[in-house]
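Peer 1: Sharing a model prediction with you, sequence too.
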Amino acid sequence: MVFIKNKKANILVENIIFIILNLIFLAILILFVVKQGSGAVVVEQSYAKQIALLIDSAKPGMLIKLNMEDAKELAEDNKFDFDKIVDITDNKVTVRVSEKGGYSYGFFNNVDVSVYPDANNDENYVVRIDNYN
């Protein structure tokens, strides 16, 4: 008894399986990139850098109001308190929208800074620049 293998069919099946696995991998990769691009990491980085750059260019006595609507939405989704989103200690601005993670960015201006949610608008944060150290 002689078995004849159809090599053309075998190669075709292998190629189809290879293509399907590559498509699945690419789909997962694209979903990961899209999720990371619009996620908390980007929001934390952008707000921390914005606040630090604003502090560096500010003079004592200035009040800066910053709309943080995107960060508030992410914090609410993660069940994180809006009052704790921004923290400034040791010339570093730390922004976090969940219990884990967060992003810190340093500033050079040697001033006393206080940051708190705006009492008049629940989506804003107020950055108050006090005196030079």
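Peer 2: The structure has been received and is ready for your questions.
Peer 1: This structure: helices as residue ranges?
Peer 2: For the chain, the helices defined by DSSP state H occupy 7-37, 40-57, 69-77.
Peer 1: Break this protein down into its structural domains.
Peer 2: 1-37, 40-132 (automatic domain parsing).
Peer 1: just to revisit the earlier point, so which of the helices of the chain is the most packed in?
Peer 2: Comparing the helices of the chain by mean neighbour count (mean count of other CB atoms under 10 Å), helix 40-57 comes out on top with a mean of 18. Any C-beta I mention is one placed from the backbone N, CA and C, and that applies to glycine too.
Peer 1: Just want the angle from that helix to helix 7-37.
Peer 2: 40 degrees (axes from the mean of the first three to the mean of the last three CA atoms, to 10 degrees).
Peer 1: Show me what helix 40-57 is packed up against.
Peer 2: Under the contact criterion of 3 or more CB pairs under 8 Å, 6 or more residues apart in numbering; DSSP states H and E, helix 40-57 touches strand 63-67, helix 69-77, strand 86-89, strand 92-95, strand 103-106, strand 111-117, strand 124-132.
Peer 1: before we move on, the earlier item: export the helices of the chain as CSV, with columns for distance to residue 104.
Peer 2: Output for the helices of the chain, formatted as CSV (distance: least, CB to CB, whole Å):
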stretch, distance to residue 104
helix 7-37, 19
helix 40-57, 6
helix 69-77, 15
